[in-house]
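A.B. asks: structure of the sequence below:
(2 chains)
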Amino acid sequence: MKFISQDDITFEIDNEVLRQCTKICNTDSSIVKLTSTKSKILQKVIQYCEMHLNDFDIPEIQKPIKYQHNIFDIVSFKDAQFITNLEFEEIIQIIQAAKFLGINTLIDLSCAYIAIKIRGKNSQQVKEMLKSNKPITDEQEQMDRDMEIKVKK
Amino acid sequence: MLQTLNQVPKQVLLEFYNLNKLQVQYLYDVLEYDLDSLYRVLQNIKRAELIDKLIEALKQQGQTESLLKSMIYGNLKELKNFLKQRMSFENLISSLEKLNVEEEKQKIKDTEIQERPIIQQDSIFLELPLYVHQLVMDFLDPLSLHTCRLVCLKMNETFNNPKISDRFYEKFCKALFDQIETIPIQLSPFEKTRKYINENLHLFEQQLQLINQINQNPSQTIWNYWGNTEQKILSFSELTKQYQSHKDMYDQQLRLNYCGIYAMKEYYIKYGEAQFQQSSAPCYRVDFFRYIRFWRDGTFTMFISSKKLTKEEIIEYFKYPEIAVMPKLGVQKQMQIEESFLRGEYRIVLDEVYVIAARQSTTFRYIYKMKNYQNKHPGNVLLMQSGQMHTLGDTYRQDIVDQSKKKYFIYKHLEEFRDELQDEQYGWKNVVY
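C.D. replies: Residues are numbered from 1 along each chain as shown, chains lettered A, B, ... in the order given. This next block holds a predicted model:
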């Protein structure tokens, strides 16, 4: 299988690695274009798939998470180490990519990690955590102002 | 063409430059023909910087007089049109457009400081589909779910969809109704009455049984006097049969609120003495306030004061179930505060709250009914149904409350009183609502 990312970089992957991707593994097409994901994030998704090459069943995460438990208590050690090294914005982009490919275990893992970060915080602290570091352009400011006026009405 | 300032109307100067009346008069009197001195005056005005650029741009082309006319008449928009019609200098128009942008940016900065944006559109997390939000919320415990709801409108949207939100409300209901357990009280509120009876044994000579019972179990003996009521609280599994969905249960089921205070204003009329040879006597209306807080242990405290308490005072008095000790105030005031406190126990029977309190040898019983006033919050109002007083060793009971009047306690939520209970059955931290 061949993947083409947003930056026009191609990745060649074996079919055994893609067993986790439920949406793609049964299709016949050999080339898949991922227009919304960058090459950095695709690399990390593939890294996750290679980690679980020999694992046939990955156990589900308990819902809800108990208050004594950390992320290292819930999932296996290599999964926890994989996700704690990532930044917050990368995780969100990984969710988008994983949803497109249909890797349900990765979505669960990253959602649980976000939930642990949100847990036990004020609403104001959560707001600051979810803010992105990108500078805002003038067009976006205008859009925001228009939306505010609409909401008030 | 305009040549003097006298031909310009006064109101235009006032409106356009934000000048005072004195300044306008000064312009009229002194600066009739001098353009240079006018230039100096305009520098001191708020928009002096903007005018500089205009004048510099025009000085290169040697047409200052026409600028004067255009500046004085009307707004910047009219100036633009005027220039387009008469002269059409490309440099001037472009410089004017820059001016407008700067003005708008200043306005934006002012509005940003005043108003906080309602929707946070700049974060990527909120742009994700609802399906992901729902997954994250499934992992959360009820306390952090409740704070998550308050973050922004988009997070709250998941609660509006009845199919998705039912499992979230189930979490809330489990935390509220499934495990209301009375933890045994460490220091019983009737300790003072036990002390009082033991000190004044000569008053209770004929009732040795009473002295014996009170020393063994003071709270049980007082409950026996008022008819021993047993608690009846509907559990979570029983309530699910009554309601169609968990949201209805969360919105309608009556309950006591522990994270706050119930307050009521009351008054009585006091008659004064009539003066000599006067037929009618004066009367005064005396206002006073009652404050109540219920605790998870089963104790309750009431504070009666002649003035309205501030928020800081309420937090001081009701932070702990024991009577607050404030060494700053001194001994006399501490005694006053202790006297105005009433401590006791309560038991819930369906939608009624039975309360018993004691002060020395007199005991009180109140019955309150929980109500949902204006469908705002279940149990936000307590209606006083009856109140009786009784002294130990007597058989006579006195009614305190007039049943003709309706008296309400109104609930006030205070975030400072929120306690966290660790629940081991489900493994989350429980919220005291």
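A.B. asks: ok now the helix or strand hosting residue A:112, how far from the chain's centre?
C.D. replies: Residue A:112 belongs to helix A:104-118 when assigned by DSSP states H and E. Distance of helix A:104-118 from the chain centroid (C-alpha atoms, centre = their mean, to the nearest Å) equals 8 Å.
A.B. asks: so what pLDDT did residue B:290 get?
C.D. replies: Reported pLDDT at residue B:290 in the predicted model: 93.
A.B. asks: which residues does it contact?
C.D. replies: Under the criterion of C-beta atoms under 8 Å, 6 or more residues apart in numbering or on different chains, the contact partners of residue B:290 comprise B:263-264, B:266, B:302-304, B:409. Where you see a C-beta, it was placed from the backbone N, CA and C, and this is true even at glycine.
A.B. asks: swap the cut-off to 7 Å and go again
C.D. replies: By C-beta atoms under 7 Å, 6 or more residues apart in numbering or on different chains, the residues touching residue B:290 are B:264, B:266, B:302, B:304.
A.B. asks: the last one should be in a strand, yeah?
C.D. replies: Yes: counting by DSSP: H, G, I helix; E, B strand; the rest coil, residue B:304 is located in a strand.
A.B. asks: shouldn't it be in contact with residue B:292?
C.D. replies: No: with contact defined as C-beta atoms under 7 Å, residue B:304 does not count as touching residue B:292 (10.1 Å).
A.B. asks: higher neighbour count, the two?
C.D. replies: Neighbour count, other C-beta atoms under 10 Å in any protein chain shown: between residue B:304 and residue B:292, residue B:292 has more, with 22 against 13.
A.B. asks: element containing that one, please.
C.D. replies: In this assignment (DSSP H and E), residue B:292 forms part of strand B:283-294.
A.B. asks: in stretch B:277-294, which residues are buried?
C.D. replies: Neighbour counts using 16 or more other C-beta atoms under 10 Å in any protein chain shown place B:290-294 of stretch B:277-294 among the buried residues.
A.B. asks: which among those residues gets closest to chain A?
C.D. replies: Minimum separation from chain A among these (C-beta to the nearest C-beta) is found for residue B:293, which lies at 24.2 Å.
A.B. asks: re the thing from before, max pairwise distance over the contacts of residue B:290: which two?
C.D. replies: Pairwise distances among these were taken by C-beta to C-beta; the largest, 12.1 Å, belongs to B:266 and B:302.
A.B. asks: neighbour-wise, which of the two wins?
C.D. replies: residue B:302 (18 against 13).
A.B. asks: give me the beta-bridge partners of that one?
C.D. replies: Counting by DSSP bridges, residue B:302 is bridged to residue B:292, residue B:342.
A.B. asks: helices of chain A, start to end?
C.D. replies: A:39-51, A:71-74, A:77-84, A:88-101, A:104-118, A:123-130, A:138-152 (DSSP state H).
A.B. asks: how about those in JSON lines, adding distance to chain B, mean pLDDT and mean neighbour count?
C.D. replies: Conversion of the helices of chain A to JSON lines gives the following (distance: least, C-beta to the nearest C-beta, whole Å; pLDDT from 0 to 100; neighbours: other C-beta atoms under 10 Å in any protein chain shown):
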{"stretch": "helix A:39-51", "distance to chain B": "12", "mean pLDDT": "83", "mean neighbour count": "17"}
{"stretch": "helix A:71-74", "distance to chain B": "9", "mean pLDDT": "80", "mean neighbour count": "15"}
{"stretch": "helix A:77-84", "distance to chain B": "14", "mean pLDDT": "84", "mean neighbour count": "14"}
{"stretch": "helix A:88-101", "distance to chain B": "5", "mean pLDDT": "83", "mean neighbour count": "19"}
{"stretch": "helix A:104-118", "distance to chain B": "4", "mean pLDDT": "85", "mean neighbour count": "21"}
{"stretch": "helix A:123-130", "distance to chain B": "4", "mean pLDDT": "78", "mean neighbour count": "15"}
{"stretch": "helix A:138-152", "distance to chain B": "6", "mean pLDDT": "74", "mean neighbour count": "12"}
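A.B. asks: quick one on the thing from earlier: by contact count, what packs against the helix holding residue A:112?
C.D. replies: On a contact count with 3 or more C-beta pairs under 7 Å, 6 or more residues apart in numbering or on different chains; DSSP states H and E, helix A:104-118 meets helix A:71-74, helix A:77-84, helix A:88-101, helix B:130-138.
A.B. asks: to residue A:11, which of those helices lies closest?
C.D. replies: Within those, the stretch nearest residue A:11 is helix A:88-101; the backing value is 12.2 Å (C-beta to C-beta).
A.B. asks: that closest one packs against which elements?
C.D. replies: Packing contacts for helix A:88-101, counted by 3+ C-beta pairs under 7 Å, 6+ apart, involve helix A:39-51, helix A:104-118.
A.B. asks: the longest one vs helix B:130-138, what angle?
C.D. replies: Direction vectors for helix A:104-118 and helix B:130-138, defined by axes from the mean of the first three to the mean of the last three C-alpha atoms, to 10 degrees, enclose an angle of 60 degrees.
A.B. asks: now the helices and strands packed on helix A:104-118 as CSV including distance to residue A:56?
C.D. replies: Converted to CSV, these look like this (distance: least, C-beta to C-beta, whole Å):
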stretch, distance to residue A:56
helix A:71-74, 20
helix A:77-84, 16
helix A:88-101, 19
helix B:130-138, 23
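A.B. asks: let me know the pLDDT of the residue in the stretch 251-400 of chain B that chain A sits nearest to.
C.D. replies: In the stretch 251-400 of chain B, the residue that lies nearest chain A is residue B:259 (15.8 Å; C-beta to the nearest C-beta). In this model, residue B:259 is scored at 85, pLDDT.
A.B. asks: give me the number of residues near it?
C.D. replies: The burial count for residue B:259: 16, using other C-beta under 10 Å.
A.B. asks: also the one 3 residues further on?
C.D. replies: Residues contacting residue B:262 under the criterion other C-beta under 10 Å number 23.
A.B. asks: next, the angle strand B:283-294 makes with the one helix or strand it maps to.
C.D. replies: Remark: residue B:262 resides in strand B:260-271, with elements defined by DSSP H and E. For strand B:260-271 against strand B:283-294, the angle by the same axes, to 10 degrees is 160 degrees.
A.B. asks: show me what contacts the residue in the stretch 51-200 of chain B positioned nearest to chain A?
C.D. replies: Closest approach between the stretch 51-200 of chain B and chain A, counting by C-beta to the nearest C-beta: residue B:139, at 3.6 Å. Taking C-beta under 7 Å, 6+ apart as the contact definition, residue B:139 lies against A:63-65, A:111-112, A:115.
A.B. asks: ok, residue B:193 next?
C.D. replies: Counting by C-beta under 7 Å, 6+ apart, residue B:193 makes contact with B:218, B:358, B:360-361.
A.B. asks: so where's the stretch 251-400 of chain B shaky on pLDDT?
C.D. replies: Low-confidence segments of the stretch 251-400 of chain B, defined by pLDDT under 70, are absent; every residue clears the threshold.
A.B. asks: could you pull out the strands for it?
C.D. replies: For the stretch 251-400 of chain B, the strands defined by DSSP state E, counting those that start in this stretch occupy B:260-271, B:283-294, B:299-305, B:341-349, B:352-359, B:362-371, B:381-391, B:397-399.
A.B. asks: how about stretch A:60-70 as PDB, C-alpha atoms only?
C.D. replies: Listed in PDB are the C-alpha atoms of stretch A:60-70, where the atom choice follows Å, rounded to 0.1, in the frame of the first residue of the first chain:
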ATOM      1  CA  GLU A  60     -10.500  -1.900  25.900                       C
ATOM      2  CA  ILE A  61     -10.000   1.000  28.300                       C
ATOM      3  CA  GLN A  62     -12.300   1.100  31.300                       C
ATOM      4  CA  LYS A  63     -15.000   3.800  31.300                       C
ATOM      5  CA  PRO A  64     -15.000   6.000  33.400                       C
ATOM      6  CA  ILE A  65     -11.400   6.300  34.600                       C
ATOM      7  CA  LYS A  66     -10.900   5.800  38.300                       C
ATOM      8  CA  TYR A  67      -9.600   8.800  40.200                       C
ATOM      9  CA  GLN A  68      -6.600   7.000  41.600                       C
ATOM     10  CA  HIS A  69      -5.400   5.800  38.200                       C
ATOM     11  CA  ASN A  70      -2.800   7.400  36.000                       C
END
